[in-house]
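J.: Fold the following.
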Amino acid sequence: MTCSSENFERFKQIADTVIPYEIRLMTHYNNGWEDCIDMRGQNLKITITDEASQFDFYIKISDERGLSVKIPCEGVEIINEFKNKDNVMIEIYFFIYEGFAQFTLKGREIFTTNTDKEIEYNKLIDQAKNCIICETMKHEKAVLGYENGNLDADIMFIAEAPGPRGANLTRIPLHGDATGDNFEKLLSATRWTRSDIYITNADLCCPTDEKGKVRNPSKQEIKNCHSYLARIIELINPKVIVTLGKKALEALKEIEPHQLVLNKDVATFSKWNGRFVYPLYHPSPQVIKTGIRPFEQQRTDFKQLEYNYRFRISKGLEPIKFKSK
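T.: Now for the predicted structure:
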């Protein structure tokens, strides 16, 4: 049986737009012999090559363990496709030499109707969640998704890292713990909601020690993560970046050098990498309760941010400098 162009093009589309998390390959040969391969994980890949040979194409599947299988195919027939939102289950028959293979794929679909920005963001999400650069956090999953906020936001907040009782559980930055509650109260002092802004972290994963206790991210961990932060900034392209805490402000140096110091430049606007940076203290209970930056002062910082954006920056004007306490 030869491969119909319609089935082949659809299969190529599936390989390009579905990120698999489970693959089952069952091969049946005419002599009665069968073989089965099961793959599960976050780094499964499907590659299709249309080589000049007696076969219509080759399919290669691989996983994070390094297991790789290459199969020459003489035809393909898509038997079943089931979708539930962006999750899909697809059954495909491949016709191979002296038999056939039954291929079952489960994964998440990146919709081809998405904008170019959404497609790039989806790729970034999956790359970040599959990242294992940091040996100390290779079992953690990056907090990055559409829960972070508006991809076209003019205001981007960068915090330090996901909290173990907050974002690491809810998958929503600055949400679900005491720090998140403080942030919500500060945001409510403006006319913005989460749908108006974008929030991320200098370190996308939650840092913990050997006993599972939360700790501050190391300089090396933030350095390892800076390429993701740079891509997020480039993709969102905000007019103002609001850093929350010293670690977030220093993380920007890995992308483009600056001389800003939090205790000196807090709540002031500075030009950085073609946009404004507005350094603020972190809204954690520790910062607020110790009086490093009391809640009322942080609330004023947020109001001044909104005022300058709404009446100055959004109109192409330079922000005014308020007296900083």
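J.: Find the nearest non-adjacent residue to residue 202, please.
T.: Nearest residue to residue 202, sequence neighbours excluded (CB to CB, 6 or more residues apart in numbering): residue 251, at 3.6 Å. Using the backbone N, CA and C atoms, a C-beta is placed for each residue, glycine as well.
J.: ok, now residue 250?
T.: Using CB to CB, 6+ apart, the closest residue to residue 250 is residue 222 (7.4 Å).
J.: dump the residue contacts of the residue nearest to residue 202.
T.: By CB atoms under 8 Å, 6 or more residues apart in numbering, the residues touching residue 251 are 158, 202, 203, 222, 225, 226, 229, 243.
J.: Tell me who's in contact with the second one.
T.: If you count contacts by CB under 8 Å, 6+ apart, residue 202 has them with 158, 159, 160, 161, 217, 222, 225, 229, 247, 248, 250, 251.
J.: rerun at 6 Å
T.: Going by CB atoms under 6 Å, 6 or more residues apart in numbering, residue 202 touches 158, 160, 222, 247, 248, 251.
J.: Mind checking what secondary structure the fifth one has?
T.: Okay, so that is residue 248. Under DSSP: H, G, I helix; E, B strand; the rest coil, residue 248 falls in the helix class.
J.: If you drop the residues flanking it in sequence, what lies closest to the spatially most central residue of the chain?
T.: The geometric centre of the chain, computed from its C-alpha atoms, lies nearest to residue 125 (CA atoms, centre = their mean), at 2.8 Å. Sequence neighbours aside, residue 144 is the residue nearest to residue 125 in space, at 5.3 Å (criterion: CB to CB, 6+ apart).
J.: Going along the chain, name the helices of the stretch 101-250 of the chain.
T.: Using DSSP state H, counting those that start in this stretch, the helices of the stretch 101-250 of the chain run over residues 116-129, 167-170, 178-187, 219-236, 246-251.
J.: pLDDT averaged over the fourth one - what is it?
T.: Averaged over helix 219-236, pLDDT sits at 95.
J.: before we move on, back to that, among the contacts of residue 251, who's most crowded?
T.: Within the contacts of residue 251, residue 203 tops the neighbour count with 30 neighbours, counted by other CB atoms under 10 Å.
J.: Could you verify my assumption that that residue touches residue 162?
T.: No - between residue 203 and residue 162 there is no contact under CB atoms under 6 Å: 8.0 Å.
J.: For stretch 264-284, measure first residue to last.
T.: Terminal residues of stretch 264-284 are spaced 19 Å apart (CA to CA, to the nearest Å).
J.: Give me the buried stretch members for that stretch, please.
T.: With burial defined by 16 or more other CB atoms under 10 Å, the residues of stretch 264-284 counted as buried are 265-269, 272, 276-284.
J.: Now flag whichever of these is closest to residue 131.
T.: Set against residue 131, the nearest of the buried residues of stretch 264-284 by CB to CB is residue 282 (23.9 Å).
J.: how many other residues sit next to the closest residue to the closest one other than its chain neighbours?
T.: Nearest residue to residue 282, sequence neighbours excluded (CB to CB, 6+ apart): residue 245, at 3.4 Å. Neighbours of residue 245 under the rule other CB under 10 Å: 23.
J.: what's the answer for residue 128, then?
T.: 20.
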